[in-house]
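*Asks:* how does the following fold in three dimensions:
(chains A, B, C and D)
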2 protein chains.
Amino acid sequence: MHKRIALASDAMRCSTCMLNEICLPLGMPNQDLSKLDELVKERIRLLKGQALFHLEDEVDAIYALRTGCIKAQLEDASGQVQITGFLLPGEIIGMDGLLHNRHVSHAIALEDSEVCVMRLDDLDRISATVPALQQQLRRLMSKEINRAHTLMMNLGSLRSEQRLAAFLINMSQRLATLGYSPYEFILRMSREEIGNFLGLTLETVSRLFSRFAREGLLKIQQREVLLLDLDALYQLAGVEPLD
Amino acid sequence: MHKRIALASDAMRCSTCMLNEICLPLGMPNQDLSKLDELVKERIRLLKGQALFHLEDEVDAIYALRTGCIKAQLEDASGQVQITGFLLPGEIIGMDGLLHNRHVSHAIALEDSEVCVMRLDDLDRISATVPALQQQLRRLMSKEINRAHTLMMNLGSLRSEQRLAAFLINMSQRLATLGYSPYEFILRMSREEIGNFLGLTLETVSRLFSRFAREGLLKIQQREVLLLDLDALYQLAGVEPLD
DNA sequence: CGATCAATTGAGCCGTCTCAATTTGGGTGG
DNA sequence: CCACCCAAATTGAGACGGCTCAATTGATCG
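*Replies:* Below is the predicted model:
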């Protein structure tokens, strides 16, 4: 299905990873950081369109995205899909499967991607001697709960233009955190995927992009976005951005 | 603000609590259950309308609802509110505050209620010697993530009648788990609160109740519900119920 | 028994969806 | 390299679901 790669162990170290200010170790004391070095023993490379895991797969690990972009989506018995998030590098995926150690969602790469594998038994073993790791995991799960609650608020109370504005601001902020431009980026997902995520149809999303462009808020050509008036977008969204 | 009560320690024991098959200890091995007995040292009684905590309050504990009903709601800078859940006995509240140890939501009693206080330092201390507790907490947080994701799906893709049907089924199931009738119950929340939770207006909720009653799916008088045709409600919702 | 808040019901409007046609872009093979 | 094909995106027209605003009825509680 996908390619597992076991690199030389020193290539895996959280303590020397470029993303360690953003990813799982975020905010952990430096002296504990080195104890994480046994955590990631393996990475997985995914080609665009490949799944990291599917519904019902057994959970034996959670994952940190290193490069690329992954969508997380639920799927119910009737095949109806709901995208619950688009992950960027440094973000953690798979925590929704820890209830019964079965995944309840699909994780699919939107472009060629690479993830760090953090096995549950390693997490447990290291947590036993590094209390900070346990608390870190708790914080990360709490963050995901907050994110989902905020998305509920957006879906429940914002109008379409506000939802799209909030989405763009959110992408902009997260990309800025990664050191990319907050103004100019490429959307890795289709209009349909954006629409599904935001509870809108793809036509509505397309029309909104066209309207925003007409009003001078942004330029958009296919999936290339250039945000021209961030202030106006913030004002439109009216709420603190998603994440 | 609210009344804290320190009962005799044997009155607090998870191991002898009526709810221990449903609440935090759910699924934990019996030999570990007794080790939880130091966990709850205090309970809090809330009168209808009182808050267990507010936005921005410092988090030093999470709570298990013993009796009553509590709503959890976000509130953004502009005062806009989103109810993220209605809690029933045996359910855990406060896990969304573990990111920065600040609550990001309000918890307000919809009727006179009582919660068990589980202090974070006690949780950490006991987890250190009872690995099952740590895993249990992880499961509970994962469950909350799933619940929120499923609600996103409902808000994003269901029509109003489907949302209300899913809501009623969900209440029915959770009440049945507690040993109450799945057919007949009292809603502790107003039409407005239901509407807010489901991303609808109170008028729409009211009209739907009237329509469901006209169609013979249920009887409703104010907040007293009698479900007459659960099958039809399931079919309407079309998805697995919320939780 | 009035006062107040919650819930119901109606009428009309607006935003988003649906269905359909067209354009654009990217990939593939001749 | 161009012609072709297919998927993605755009745009339009019309329908409909849920919202807004408003009036009325029904509970609940001093």
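*Asks:* CA atoms for contacts and neighbours, from now on please.
*Replies:* Fine.
*Asks:* quick check, the lengthiest helix in chain A touching chain B?
*Replies:* Taking DSSP state H as the assignment, the helix of chain A that covers the most residues is helix A:131-157. Yes: for helix A:131-157, a contact with chain B is found by C-alpha under 8 Å from any C-alpha of the partner chain, at A:138-146, A:148-153, A:155-157.
*Asks:* hey, where'd the strands end up in chain A?
*Replies:* Counting by DSSP state E, one finds strands in chain A at the ranges A:3-5, A:40-46, A:51-53, A:61-67, A:70-75, A:81-87, A:92-93, A:106-109, A:113-119, A:184-186, A:218-221, A:224-227.
*Asks:* residues in contact with the most centrally placed residue in chain A?
*Replies:* Central residue check for chain A by C-alpha atoms, centre = their mean: the C-alpha nearest the mean position is that of residue A:87, 1.8 Å away. The neighbours of residue A:87, taking C-alpha atoms under 8 Å, 6 or more residues apart in numbering or on different chains as the test, are A:65, A:69-72, A:93.
*Asks:* and the longest helix of chain A, what's buried?
*Replies:* Judged by neighbour count using 16 or more other C-alpha atoms under 10 Å in any protein chain shown, the buried positions of helix A:131-157 are A:132-157.
*Asks:* that older thread, how about the contacts of residue A:87, which pair is most distant?
*Replies:* A:65 and A:72 (12.2 Å; C-alpha to C-alpha).
*Asks:* before we move on, back to that, beta partners of the residue nearest to the centre of chain A?
*Replies:* For residue A:87, the beta-bridge assignment (DSSP bridges) gives partners residue A:70.
*Asks:* which residues does the residue nearest to residue A:101 when sequence neighbours are not counted contact?
*Replies:* With sequence-adjacent residues excluded and distances taken as C-alpha to C-alpha, 6 or more residues apart in numbering or on different chains, residue A:101 is closest to residue A:59, at 4.7 Å. Taking C-alpha under 8 Å, 6+ apart, we find residue A:59 in contact with A:94, A:97-98, A:101-103.
*Asks:* tell me the one of these nearest chain B?
*Replies:* residue A:98 (5.6 Å; C-alpha to the nearest C-alpha).
*Asks:* how about the residues of chain A by DNA strand C?
*Replies:* Listed as neighbours of DNA strand C in chain A under the rule C-alpha under 7 Å from any atom of the strand: A:159-161, A:199-201, A:203-204, A:221-222.
*Asks:* rerun that using 10 Å as the cut-off
*Replies:* Neighbours of DNA strand C within chain A, by C-alpha under 10 Å from any atom of the strand: A:157-163, A:195-196, A:198-208, A:221-224.
*Asks:* drop anything exposed from these.
*Replies:* The buried subset of those - by 16+ other C-alpha under 10 Å - is A:157-158, A:160-163, A:195-196, A:198-202, A:204-206, A:208.
*Asks:* bridged to residue A:185, which residues?
*Replies:* Under the criterion DSSP bridges, residue A:185 forms beta bridges with residue A:225.
*Asks:* that one is in contact with residue A:225, isn't it?
*Replies:* Yes: under the contact definition of C-alpha atoms under 8 Å, residue A:185 touches residue A:225, with a separation of 5.4 Å.
*Asks:* now do the end-to-end distance for stretch A:39-55.
*Replies:* 25 Å (C-alpha to C-alpha, to the nearest Å).
*Asks:* err, stretch A:67-80, not the other one
*Replies:* In stretch A:67-80, first residue to last residue: 28 Å (C-alpha to C-alpha).
*Asks:* can you tell if that stretch touches DNA strand D?
*Replies:* No: against DNA strand D, stretch A:67-80 shows no contacts by C-alpha under 10 Å from any atom of the strand, the least distance being 14.4 Å.
*Asks:* now that stretch: buried residues?
*Replies:* By neighbour count, and taking 16+ other C-alpha under 10 Å as the criterion, the buried residues in stretch A:67-80 are A:67-76.
*Asks:* ok, and what's touching that stretch?
*Replies:* Outside stretch A:67-80, the residues touching it (C-alpha under 8 Å, 6+ apart) are A:55, A:81-89, A:104-115, A:188, B:149-150, B:153, B:238-240.
*Asks:* now the buried members of those residues.
*Replies:* The neighbour-count test (16+ other C-alpha under 10 Å) applied to the contacts of stretch A:67-80 identifies A:55, A:81-89, A:104-111, A:113-115, A:188, B:149-150, B:153, B:238-239 as buried.
*Asks:* from residue B:12, how far out is residue A:87?
*Replies:* When distance is defined by C-alpha to C-alpha, residue A:87 is 42 Å away from residue B:12.
*Asks:* likewise residue A:203?
*Replies:* Taken as C-alpha to C-alpha, the spacing of residue A:203 relative to residue B:12 amounts to 56 Å.
*Asks:* in CSV, list the contacts of residue A:59 along with pLDDT and neighbour count.
*Replies:* What follows is the contacts of residue A:59, written out as CSV (pLDDT from 0 to 100; neighbours: other C-alpha atoms under 10 Å in any protein chain shown):
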residue, pLDDT, neighbour count
A:94, 96, 23
A:97, 94, 25
A:98, 96, 26
A:101, 95, 19
A:102, 96, 17
A:103, 97, 22
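*Asks:* who's in contact with stretch A:198-207?
*Replies:* With C-alpha under 8 Å, 6+ apart as the test, stretch A:198-207 has contacts from A:155, A:160, A:163-164, A:191-196, B:155-157.
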